[in-house]
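Asker: Build me a model from this:
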Amino acid sequence: MRNSHRFISAVIFAALVAAFAFFPSSVDAQGWRLFVDDVKKEAKDKRVRENGVPTSDANADDGEFSNIAPNVPPIESEPENIDETPLDPNAVDPAQSLGDAEDYYPVDAAPSQYAPPLPSYRDFPEMKNDARLNDVCFVSPLKGWAVGDRGTIWATVDGGATWRLADVPTDANLFAVSFFDENFGLAVGGRVVPATGVGVGVLLRTIDGGTTWGVVETASFPILRDVRVLDPGTAWVAGDSSELYPSGLFVSGDTGLTWTAEGGARRGGWRAVLYDPAQKLGVGVSTDGALQTVSGEKAAKKPLPFGSRRLDDVVFDAASGTVWAVGESGLATRSVNFGADWARASGTFPNDAGRYFDFESVAALGGFVGAIGSPGTLFFYSDDGGATWAASRTGTRTPLRKLFFLDRLNGWAVGDFGTILATKDGGRSWTLQREGGRRVALLGVFGRADDVPFEALVQLAGDEGFLTEICLAARSDETEKNGAEIPLLERLNEAVVETGGSGATQAGLFALDPAENGATLEQILARFDRENDGDGLERFREYLVRQIRIWRPSVVLTADPLVDAPEIVANFTASTAPNGDFSLPGSAAALLGALSADANRLDDRPSDPFRTLIRTRSILKILLRKKPAPSPCPTRAM
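Answerer: Model (predicted):
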């Protein structure tokens, strides 16, 4: 695989240079500080009000955040067990070596002479503010909920004019939410156990409209990714396929208090599914993006003639009896016999726009169909069951992950950075209701997950609060089809979130497999062409440029390709330099020289956090200077 990764790194770098050559100036940057004084003071005052627990050190920073039940009393130390040996005045205070670690001192622990634990980057108000949202649900034009990463649940009672962050007893990523009425609802998600790589599901339940949420005991369920409340007593949840629960399907008949696993052999798990527990029939999308059906205890993946494109969402239009599924590169397909047969939507998207959009979610009711995805700039809709399509602007570039329509007029879309959009005219126009950011400070672009420098993410995304996104530019069948319970992208996203980043994405149309170990560049390009209608290399460049346009980063972090494949860089950058003269002002070569000089100058900064990275596998390649005085990078300052 070495040649393939050298190739990917070279093409990534060249495409990034080409994108930046025409990249516009960024706006709406935020401050540099992660925890501002007002946030610290507000958190401390809230903790004292709810728990009556004073800070462990009157002189410490006011940065304690509570994540425990309000009535848990502090633990009191026994007087006779206190070690009164005087501390060595020359000893190094461990707390000082942790930087701002004292800000994270846990409020559910007794005052201690020991150093506080290392901070967790999941359960802070700043990070919930821009956490990716994965699902949204409304039961009326006024009352709704949105759930996402880091245990984030937003609730509204006024149609989204204001959104309130709910107190949730978990910081696990939440992927789906469903309510039967204004009171009874369920939310599901899970997290990956780092030591084992096994997923652990989380199921939350509320009977008061989300004012309070309780954790339902799930007996080692796998990560749960979809949920539906069918009536006041019946609900189902779906998720990964594990050894203990191979079907990945669970049903409850008592309002979600207890659950029974459906029978069946090991299958591909479920990213999204339509399931009838009475007839035990279902159709959905597996965790690796394949179409999958279930009948009784039998499940099977159904091949579709759409190349390597992966599906992301599925929905049922009861009025027309049509199942819709959408996925990468403008894929929109439908079935009129509940998944037995599938066909592409008959209509085409305006200006062939589907080529440049990866659909993440679809909504359908009464012949009306709508789809959103990445980039989030356009909403695609059809009023005649897919015969003709139109598009409207959403007002955001941020990737949108889930779409929900209460009726043909009222709809909502949620996505990255905690973005929530709303429409009252069937998607013809959209209003931004909330967001936690618009662009990233740091975008990491890599060919494989092993290249991601998590040390840098801890420092920059976790400690400093810079908004960070990781993009994998290719898939590797060798690592993604190894029978793992959790797909590679999901594991990577979990790791990025854990270290303080915003999330991870992955290109789906460019894949390598074990059979191509040691393949030449021509062979790799040939496969790219086969899977992209003979246009693989150009589409690869388009994808990378599109990521730059979406995330608008201040800094790009990637691997160093120049010593391995300079000819590829030359081929990609030729279009930015007239007659191939890279020495002209403003040419790609001049840009490369300036960027390399900026990167090299980092060695002159003894305390710069990038210094270690520059001397290892992951190298800071681009410090983009859009203006003489660069604008501040977007952070989580509130």
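
Asker: okay, the closest residue to residue 203 other than its chain neighbours: pLDDT?
Answerer: Nearest non-adjacent residue to residue 203, counting by Cβ to Cβ, 6 or more residues apart in numbering: residue 216, 4.4 Å away. For the C-beta atoms, the positions are set from N, CA and C on the backbone; glycine is no exception. What the model reports as pLDDT for residue 216 is 95.

Asker: Burial check on residue 216, number of neighbours?
Answerer: By other Cβ atoms under 10 Å, the residues close to residue 216 number 20.

Asker: I figured it hits residue 207, correct?
Answerer: No - assessed by Cβ atoms under 8 Å, residue 216 is found out of contact with residue 207, at 11.8 Å.

Asker: in stretch 422-433, what counts as buried?
Answerer: 422-423, 426-427, 430, 433 (16 or more other Cβ atoms under 10 Å).

Asker: what does stretch 191-209 give?
Answerer: So stretch 191-209, judged by 16+ other Cβ under 10 Å, has buried residues 191-192, 198-206, 209.

Asker: where do the strands sit along the stretch 351-500 of the chain?
Answerer: Counting by DSSP state E, counting those that start in this stretch, the segments of the stretch 351-500 of the chain that form strands are 358-365, 368-374, 378-382, 390-393, 400-405, 411-415, 420-423, 431-434, 442-446, 468-472, 475-476.

Asker: typo on my end, the stretch 101-250 of the chain
Answerer: 133-138, 144-148, 152-156, 164-165, 173-179, 185-192, 199-206, 214-215, 224-229, 235-239, 249-252.

Asker: Save these as CSV, and put in distance to residue 497 too.
Answerer: Output for these, formatted as CSV (distance: least, Cβ to Cβ, whole Å):
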stretch, distance to residue 497
strand 133-138, 12
strand 144-148, 10
strand 152-156, 11
strand 164-165, 17
strand 173-179, 7
strand 185-192, 9
strand 199-206, 14
strand 214-215, 19
strand 224-229, 15
strand 235-239, 18
strand 249-252, 25
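
Asker: Quick check: which of the ones you listed is nearest to residue 474?
Answerer: With Cβ to Cβ as the criterion, residue 474 lies closest to strand 185-192 of the strands of the stretch 101-250 of the chain, at 22.0 Å.

Asker: packing partners for the closest one?
Answerer: Applying 3 or more Cβ pairs under 8 Å, 6 or more residues apart in numbering; DSSP states H and E, one finds that strand 185-192 contacts strand 144-148, strand 173-179, strand 199-206, strand 224-229, strand 235-239, helix 488-498.

Asker: Can I get these in CSV including mean pLDDT and distance to residue 135?
Answerer: CSV is the format used below for those (pLDDT from 0 to 100; distance: least, Cβ to Cβ, whole Å):
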stretch, mean pLDDT, distance to residue 135
strand 144-148, 98, 5
strand 173-179, 98, 5
strand 199-206, 96, 12
strand 224-229, 97, 9
strand 235-239, 97, 13
helix 488-498, 90, 15
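
Asker: Let's have the ones you listed in a markdown table, adding distance to residue 131.
Answerer: Formatted as a markdown table, those follow (distance: least, Cβ to Cβ, whole Å):
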| stretch | distance to residue 131 |
| --- | --- |
| strand 144-148 | 5 |
| strand 173-179 | 9 |
| strand 199-206 | 15 |
| strand 224-229 | 17 |
| strand 235-239 | 20 |
| helix 488-498 | 8 |
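
Asker: looking at those, which is closest to residue 275?
Answerer: strand 235-239 (5.4 Å).

Asker: Sort out which residues of that closest one are buried, please.
Answerer: Buried, per 16+ other Cβ under 10 Å, within strand 235-239: 235-239.

Asker: Equivalent analysis for stretch 464-481, please.
Answerer: So, applying 16+ other Cβ under 10 Å, buried residues of stretch 464-481: 464-476, 478-480.

Asker: same thing with stretch 345-361?
Answerer: Quick answer for stretch 345-361 (16+ other Cβ under 10 Å): 345, 347, 349, 354, 356-361.

Asker: ends of it, how far apart?
Answerer: 15 Å (Cα to Cα, to the nearest Å).

Asker: now stretch 499-509
Answerer: Stretch 499-509: ends 28 Å apart by Cα to Cα.

Asker: Give the rounded mean pLDDT of it.
Answerer: pLDDT averaged over stretch 499-509 gives 91.

Asker: tell me which helix or strand of the chain sits lowest on mean pLDDT?
Answerer: The helix or strand of the chain with the lowest confidence, counting by mean pLDDT, DSSP states H and E, is helix 611-614 at a mean of 30.

Asker: Distance-wise, check residue 150 relative to residue 474.
Answerer: According to Cβ to Cβ, to the nearest Å, residue 150 stands 28 Å off from residue 474.

Asker: So what sits opposite the closest residue to residue 314 other than its chain neighbours in the bridge?
Answerer: Using Cβ to Cβ, 6+ apart and skipping residues adjacent in sequence, the residue nearest residue 314 is residue 325, 4.5 Å away. Beta-bridge pairing for residue 325 (DSSP bridges): residue 314, residue 333.

Asker: Let me know the secondary structure of residue 549.
Answerer: Under the three-state scheme (DSSP: H, G, I helix; E, B strand; the rest coil), residue 549 adopts helix.

Asker: what's the burial count for it?
Answerer: 15.

Asker: My understanding was that it contacts residue 397; is that so?
Answerer: Yes - counting by Cβ under 8 Å, residue 397 is a contact partner of residue 549 at 6.9 Å.

Asker: which residues are common contacts for the two?
Answerer: Taking Cβ atoms under 8 Å, 6 or more residues apart in numbering as the criterion, residue 549 and residue 397 both touch residue 375.

Asker: got any ranges where the stretch 201-350 of the chain has weak pLDDT?
Answerer: By pLDDT under 70, the stretch 201-350 of the chain has no low-scoring segment.

Asker: distance between the ends of stretch 436-450?
Answerer: End-to-end distance for stretch 436-450, by Cα to Cα: 29 Å.

Asker: Stretch 132-150 too?
Answerer: End-to-end for stretch 132-150, by Cα to Cα: 9 Å.

Asker: In that stretch, which residues are buried?
Answerer: 132-139, 143-150.

Asker: And for stretch 395-415?
Answerer: In stretch 395-415, counting by 16+ other Cβ under 10 Å, buried: 396-406, 408, 410-415.

Asker: For it, the averaged confidence score.
Answerer: 97.

Asker: Return that stretch as PDB; C-alpha atoms alone will do.
Answerer: Coordinates of each C-alpha in stretch 395-415 appear next as PDB, following Å, rounded to 0.1, in the frame of the first residue of the first chain:
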ATOM      1  CA  GLY A 395     -27.600  30.000   3.500                       C
ATOM      2  CA  THR A 396     -24.900  27.700   4.900                       C
ATOM      3  CA  ARG A 397     -22.000  25.600   3.600                       C
ATOM      4  CA  THR A 398     -21.900  23.500   6.700                       C
ATOM      5  CA  PRO A 399     -22.700  19.800   6.000                       C
ATOM      6  CA  LEU A 400     -26.300  19.000   7.000                       C
ATOM      7  CA  ARG A 401     -26.800  15.500   8.500                       C
ATOM      8  CA  LYS A 402     -30.600  15.100   9.000                       C
ATOM      9  CA  LEU A 403     -33.800  16.400   7.500                       C
ATOM     10  CA  PHE A 404     -37.200  16.300   9.100                       C
ATOM     11  CA  PHE A 405     -40.600  17.500   7.700                       C
ATOM     12  CA  LEU A 406     -43.600  17.700  10.000                       C
ATOM     13  CA  ASP A 407     -45.800  18.300   7.000                       C
ATOM     14  CA  ARG A 408     -45.200  19.600   3.400                       C
ATOM     15  CA  LEU A 409     -44.500  23.100   4.600                       C
ATOM     16  CA  ASN A 410     -42.700  22.900   8.000                       C
ATOM     17  CA  GLY A 411     -39.300  21.300   8.100                       C
ATOM     18  CA  TRP A 412     -35.900  21.400   9.900                       C
ATOM     19  CA  ALA A 413     -32.400  20.400   9.000                       C
ATOM     20  CA  VAL A 414     -29.500  19.900  11.400                       C
ATOM     21  CA  GLY A 415     -25.800  19.400  10.900                       C
END
